[in-house]
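K.L.:
Quick one, fold the following:
(one chain, ligands or ions: 2)
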Amino acid sequence: MTPTLTEPGALSSPVLNSSLTDLLRRWLPRQRWYSGSGHPITEVAVAAATQLAADCFHLVVRVQEDTVRDAAHYQLILGAAVSPPPRLRHCLLGSVGGPAGRELMVYDAVHDHRTAVLLLDRIRRGGRTGALRFESMPRTSVPADLTPRVLDTEQSNTSIVYGDRLILKLFRRVQRGVNPDLEVPTALAKLGYPWAPAPTAWFCTVDPFWCTLGIVQPFLAGATDGWILARRSAAEREDFVTQARDLGRTTGELHAALARAFPTRTPSAHHETRLAEEMMGRLEKAASAVPALRPHVPGLHAVFASIATGVGHPPLQRIHGDLHLGQVLRASGRWYVVDFEGEPAKPMAERCAEHSPVRDVVGMLRSFDYAAHKRLSPRRQWADECRAAFCAGYGESGDFEPADLPKLLRAYEADRAVYEVLYEAAHRPDWIVIPLHAAARLAGSR
Ligand SMILES: Nc1ncnc2c1ncn2[C@@H]1O[C@H](COP(=O)(O)OP(=O)(O)O)[C@@H](O)[C@H]1O
Ligand SMILES: O=P(O)(O)O[C@H]1O[C@H](CO)[C@@H](O[C@H]2O[C@H](CO)[C@@H](O)[C@H](O)[C@H]2O)[C@H](O)[C@H]1O
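P.N.:
Numbering: from 1, shown residues only. Ligands and ions are numbered 1, 2, ... in the order given. Predicted coordinates:
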């Protein structure tokens, strides 16, 4: 019989635990979805473990980084075997000492199709396994026997597509509470809003705290994401104005639906002063982490200061929170919006709070800028046309005309570019030139 990670006491044995956490300390920072600060990891600990199968464990691990105040938690599903099949070679973490002195190879079992099948089956049946809770929407059912494939797109989490009918997103960095990617589309579906796939099922844990771990939605087969479409169009010098205007309209409609589904708030008298201070604070932090941003600090400060005296602000409301071309899918001549998780690096409470809808507008404006950047394709005019068309479309269905709020738009765009500088520094240093270029433009340095 194959010894496994799950033999009684094996995972909790100090030997295995320490060799597993040593492996994790090296493996985690290399994962695309790891959202560390760049500081060295000082401690990794298994915060909760649930056995899913004889050779497969669901784990929540706590990761503490040097000089970072709060530890982060990540969801992992790990398998272990004395000699895993070659198809799992690409997702091996390394070996740990197993029971009876035998070496076990540990792998990221999310990439094992047996685990993917097991997970969907577990979700389909509902109920509990240890600390895990599996739930479905009333009057929905999850089909059985769908063939899984792990998506290989660039993403912050890990998604598995089942038979081109369902998509399961497994959140990697998890935070206490309901994830807005479950909360928001569920509330939109209750209103009958059709342009965000409605969750079919989900699962959560109660250990080490209550949090959403994964959601299942219908898969929009044949859909293409906006980033691919826009990049293709920019590279081939094709017109994207009609799609951009339609996307603006979709964003305005989305905000109108969100304002019906959740409370809205009139900004206080001091809102813009506080907002300008927050933006300056984020800029200071980013500039101390990324020296290349420093020359633009005075110019960006002036941009933020320009809103501090009050420029008139639309009501605050729930928003998408991380809207860009990769979050919209074109299917049957319509745009659909996905991924309501917000900026993954922000604390959950902040992501679930009311914000300015202008933030989503500039998210998309920045995305057109990315798609047309000369590193990718030299088309400034293409971006300007798309940005104008998007704003015009937004004005047709949203509560305000973006073009009427130039100072606010510029300040929010600069704030988003500052976020992107940090994001690229952490994940794609080769791309940092794109938001740095925007920071320079917005600061008036070029
Ligand atoms: N319902 C869906 N139908 C088809 N494709 C989807 C669906 N939801 C997400 N995707 C695809 O999966 C990718 C990653 O999903 P997303 O929710 O953005 O994950 P992450 O938060 O990890 O970045 C998207 O860019 C999109 O291409
Ligand atoms: O993984 P998420 O989709 O939640 O968002 C994160 O990753 C995005 C990149 O995959 C990042 O978006 C940035 O790059 C895009 C092109 O790849 C561009 O269209 C966006 O405008 C730009 O912000 C996003 O910021 C980040 O939160």
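K.L.:
how close does residue 330 sit to ligand 1?
P.N.:
11 Å (Cβ to the nearest ligand atom, to the nearest Å). C-betas here are computed from N, CA, C, even on glycine.
K.L.:
Quick check, pLDDT for that residue.
P.N.:
With respect to pLDDT, residue 330 has a value of 97.
K.L.:
Surely it touches residue 222?
P.N.:
No - Residue 330 sits out of contact with residue 222 when judged by Cβ atoms under 8 Å, with a separation of 9.8 Å.
K.L.:
Surely residue 196 forms part of a strand?
P.N.:
No - according to DSSP: H, G, I helix; E, B strand; the rest coil, the state of residue 196 is coil, so it is not within a strand.
K.L.:
So stretch 167-182, near ligand 2 or not?
P.N.:
No - with Cβ under 6 Å from any ligand atom as the criterion, ligand 2 is not reached by stretch 167-182; the gap is at least 9.5 Å.
K.L.:
now do stretch 436-446
P.N.:
No - counting by Cβ under 6 Å from any ligand atom, ligand 2 is not contacted by stretch 436-446; separation bottoms out at 9.8 Å.
K.L.:
Show me how far that stretch is from its chain's centre.
P.N.:
For stretch 436-446, the separation from the chain centroid amounts to 26 Å (computed by Cα atoms, centre = their mean, to the nearest Å).
K.L.:
Close to ligand 1: what parts of the stretch 151-300 of the chain are there?
P.N.:
151, 153, 155-157, 159, 167, 169, 197, 217, 219-220, 223, 225.
K.L.:
Which of those sits closest to residue 409?
P.N.:
residue 225 (24.5 Å; Cβ to Cβ).
K.L.:
Which residues does stretch 273-291 contact?
P.N.:
38, 293-294, 297, 300-301, 304-305, 307-310, 356, 411, 414-415, 418-419, 421-422, 425, 432 (Cβ atoms under 8 Å, 6 or more residues apart in numbering).
K.L.:
May I ask you to name the longest strand in the protein?
P.N.:
Longest strand in the chain, counting residues (DSSP state E): strand 41-53.
K.L.:
what pairs with it, and is each one parallel or antiparallel?
P.N.:
strand 56-65 (antiparallel) (DSSP bridges).
K.L.:
Okay, buried residues for the partner strand please.
P.N.:
56, 57, 58, 59, 60, 61, 62, 63, 65 (16 or more other Cβ atoms under 10 Å).
K.L.:
about what we covered before: narrow the contacts of stretch 273-291 to those in strands?
P.N.:
Those of the contacts of stretch 273-291 lying in strands (DSSP E): none at all.
K.L.:
Can you tell me which of those are classed as buried?
P.N.:
Of those, these count as buried by 16+ other Cβ under 10 Å: 293, 297, 300-301, 304, 307-308, 356, 411, 414-415, 418-419, 421-422, 425, 432.
K.L.:
which outside residues touch the one helix or strand residue 214 maps to?
P.N.:
Assigned by DSSP states H and E, residue 214 belongs to strand 211-218. Contacts of strand 211-218 from elsewhere in the structure, counted by Cβ under 8 Å, 6+ apart, are 73, 75, 119-120, 123, 132, 142, 165-171, 174-179, 181-182, 185, 197-205, 338.
K.L.:
Looking at the residues you listed, which are in strands?
P.N.:
Those of the contacts of strand 211-218 lying in strands (DSSP E): 73, 75, 132, 166-170, 174, 201-205.
K.L.:
May I see those residues organised as CSV, with neighbour count and pLDDT added?
P.N.:
Shown next, in CSV, are the ones in strands among the contacts of strand 211-218 (neighbours: other Cβ atoms under 10 Å; pLDDT from 0 to 100):
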residue, neighbour count, pLDDT
73, 19, 96
75, 23, 98
132, 20, 98
166, 21, 98
167, 20, 98
168, 27, 98
169, 26, 98
170, 21, 98
174, 23, 96
201, 21, 97
202, 24, 98
203, 23, 98
204, 20, 98
205, 22, 98
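K.L.:
Spell out which two among the residues you listed are the most distant pair, please.
P.N.:
73 and 166 (25.8 Å).
K.L.:
For the closest residue to ligand 2 within the stretch 1-150 of the chain, which residues are in contact?
P.N.:
Residue of the stretch 1-150 of the chain nearest ligand 2, by Cβ to the nearest ligand atom: residue 33 (8.5 Å). By Cβ under 8 Å, 6+ apart, residue 33 lies in contact with 155, 156, 157, 158, 172, 173.
K.L.:
Alright, I will stop here.
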